[in-house]
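Q: Generate coordinates for the sequence data below:
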Amino acid sequence: PYTRHKQDESAFDMTQRGERPTYYPYLEHYQPSYQPARPKPHRTPRSKRPDQPLSKPKYAPAPSDESDSHTEADKPAEEDEFIPPPKRKKKAKRRANRAALEQRRMEIEMESFKEFASTVTADYLAEMCSKSTEVISKASNGRRLIWMSVWLASFVYAWYNISLSIGIFLSKPTATKLNFYEAPPGGIAFPTVTICNFNKYNKSYFENNRNGDQLNKQLKKFLIESQPIWTHREEMDKEKWNTDYQLIKAMDMKSLLTESTHRLEDTIEFCRFSGKPCLSAYNNETTEIPSDAFQQIYTEHGLCYSFNQNGALSMSRTGALYGLSLRLHVAQDDYFENQDVAGFKVLLHNWYEPPMIEEYGFALRPGSETYVRIRLQKFKDTNRPLGYCDPLLEEKFGGGYTISKCVMQNRAVNTIRKCGCVAFYMTVPPGYPTATPICNLYQEWNCVEPLLEDLALSQLVINGIPIPDPDCPSACVYTTYSYSISQSEYPSQSVEEEVLRNVGQNKGATWDIQKIRDNYLKVHIYFQELSTLEMERHPSYLISNLIGDVGGQLGLLLGMNICSLVQFTDYIMRFSFYQGFMRLIRYYRTKNINDNK
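A: Numbering: from 1, shown residues only. Have a look, this model is predicted:
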């Protein structure tokens, strides 16, 4: 450590130099700094002093082992005894050592950062820290300032665009791909058609007095109060049920609808499919009885009738002549007294899904001829988490999974858990006893309907536990039928006499043309074209798109790539490890010094 500054032993003699050196032998790179020493005290030359015996020096060094073996006579005589300087305070020395170490650490870090900036694959950093900027200080500072400004603006704009890209990726956007396929040789599967009369209960059921005067009065009063025309319905407490509706509390809606609704043979008066009379739903043979092509089915709208309930029929031609044509009898004369809407509600759906006619059905009004043009659509979705469908649900429902099937099963499960029964239009879900009873009128009014309202509002609570909304994603592959409707007046004036004659033979001569328009309608359901529209939904922004956008922003605006990111990470990790290691060394060094004290 002393090669650059040659010193001799006289450098330690405070009596011969006016300043004393401060050395740091453990820092080979450090150039010693010189601090002015204390002023030397005035001494009288020995020749001018009176003869006095020499006293022991105040700061004489302690005798060593070798000195103990010699006598005072053996020691050489010296004119002046060597008086070593007083020891410096430890705090000042430690402070100086820490300052030197800190300065060296900063120099090492700056040199390392400059070396890193000159080698990293980021052009901005290399230009801001290059050695060429140190040639002329004023010009170099201005050039460095320009580069730093451009880099800062580019950095802000790049990270703004990167944040937008990350937000788009987290939103999981999708794109839809459309494909058109021609119909196979066997034709296109025809949908299941479910038809419900708006009127649930016939007036004649109560007029025939089948159940007795008292029971009919209570039932009629209950139906009127449960479905008011102009006002909201009133709540019925337990006391009112025990007094006003004691006889009908145990009745179930299924048996009531079976006995009081419109009969199938009185509703369907004409049926033609693919230009021929409809086939019987029981033996698959042509029948002259139109009602044989339909089967009963219970929905939340009441007792309804379904055509092609097994999904076996298909269509190979287009147009109204080769579709399903029906003439329906509304029977407004037999409507219940509080029924304010006349006509039918129709739903087109797949044969394997329950008909949610209240949510997805469309209405047909009396005195009209309605044309329903349909098209088969097929949807394909991507599995989670990139898409919305869940393949496990297909296995859970045993194939044929749809959103409506999942929703109805969730309603049935919650109904059984809270009410101990199922509604008349629900099927018992898997895992529950098949002998689960059907809810009676009291349970329907006080438990099932409030439960469905709370479930729709996401406010359902069972046994103090909030029930979340059902997880019913879209199916991975499912079909649906889109439709468009057009209407015209029925019957026209040119066929009024013919219609009157035919209706008069069956219903009586009291019918006029206005009464026919109030009680009859026709509907034609047919394919608009024999092609299938396939819509495939897939994620439009994948992780590869995100990486490409981020790399493009970093490369275009900051001149960086994946190698630059690795270099920055390596640099940060190395210096973080170095600083942590040095702190650990200083900690144990300080601990050992304190222990030695």
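
Q: check contacts around residue 472.
A: 403, 406-407, 410 (C-beta atoms under 8 Å, 6 or more residues apart in numbering). Yep, even glycine has a C-beta here, placed from its N, CA and C like the rest.

Q: Now it, what are its backbone angles?
A: phi -120, psi 80 (degrees, to the nearest 10).

Q: With adjacent residues omitted, what lies nearest to it?
A: residue 406 (3.7 Å; C-beta to C-beta, 6 or more residues apart in numbering).

Q: Check the secondary structure at the one you found for me.
A: helix (DSSP: H, G, I helix; E, B strand; the rest coil).

Q: That one and residue 470 touch, don't they?
A: Yes. Counting by C-beta atoms under 8 Å, residue 470 is a contact partner of residue 406 at 6.4 Å.

Q: Comparing these two, which residue is more hemmed in?
A: More crowded of residue 406 and residue 470, by other C-beta atoms under 10 Å: residue 406, with 20 against 15.

Q: next helix or strand past the longest strand belonging to the chain?
A: Across the chain, the longest stretch assigned as strand under DSSP state E is strand 520-539. Remark: after strand 520-539, the chain's next helix or strand is helix 543-558, criterion DSSP states H and E.

Q: so where's the stretch 401-550 of the chain uncertain?
A: Filtered on pLDDT under 70, the stretch 401-550 of the chain yields no residues whatsoever.

Q: Can you show me the strands along it?
A: Along the stretch 401-550 of the chain, counting by DSSP state E, counting those that start in this stretch, strands occupy 461-462, 465-466, 477-489, 520-539.

Q: which of the ones you listed sits most buried?
A: By mean neighbour count, with neighbours taken as mean count of other C-beta atoms under 10 Å, strand 520-539 ranks first of the strands of the stretch 401-550 of the chain at a mean of 18.

Q: partners of it in the sheet?
A: Within its sheet, strand 520-539 is paired with strand 174-182 (antiparallel), strand 324-329 (antiparallel), strand 368-380 (parallel), according to DSSP bridges.

Q: Just send these back as CSV, with mean neighbour count too.
A: Listed next are the strands paired with strand 520-539 as CSV, based on neighbours: other C-beta atoms under 10 Å:
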stretch, mean neighbour count
strand 174-182, 10
strand 324-329, 22
strand 368-380, 19
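
Q: For residue 504, which of the ones you listed is the nearest?
A: Ranking the strands paired with strand 520-539 by their distance to residue 504 (criterion: C-beta to C-beta) puts strand 324-329 first, at 14.5 Å.

Q: Check which element follows the closest one along the chain.
A: With DSSP H and E, the next secondary element past strand 324-329 is strand 344-349.

Q: quick check: mean pLDDT across that next one?
A: For strand 344-349, mean pLDDT rounds to 95.

Q: re the thing from before, just the contacts of residue 472 now: which is nearest residue 232?
A: The closest of those, once distances to residue 232 are taken by C-beta to C-beta, is residue 407, at 26.1 Å.

Q: residues touching that closest one, list them.
A: Applying C-beta under 8 Å, 6+ apart, the residues near residue 407 are 356, 470, 472.

Q: Also residue 467?
A: Counting by C-beta under 8 Å, 6+ apart, residue 467 has contacts 414, 455, 460-461.
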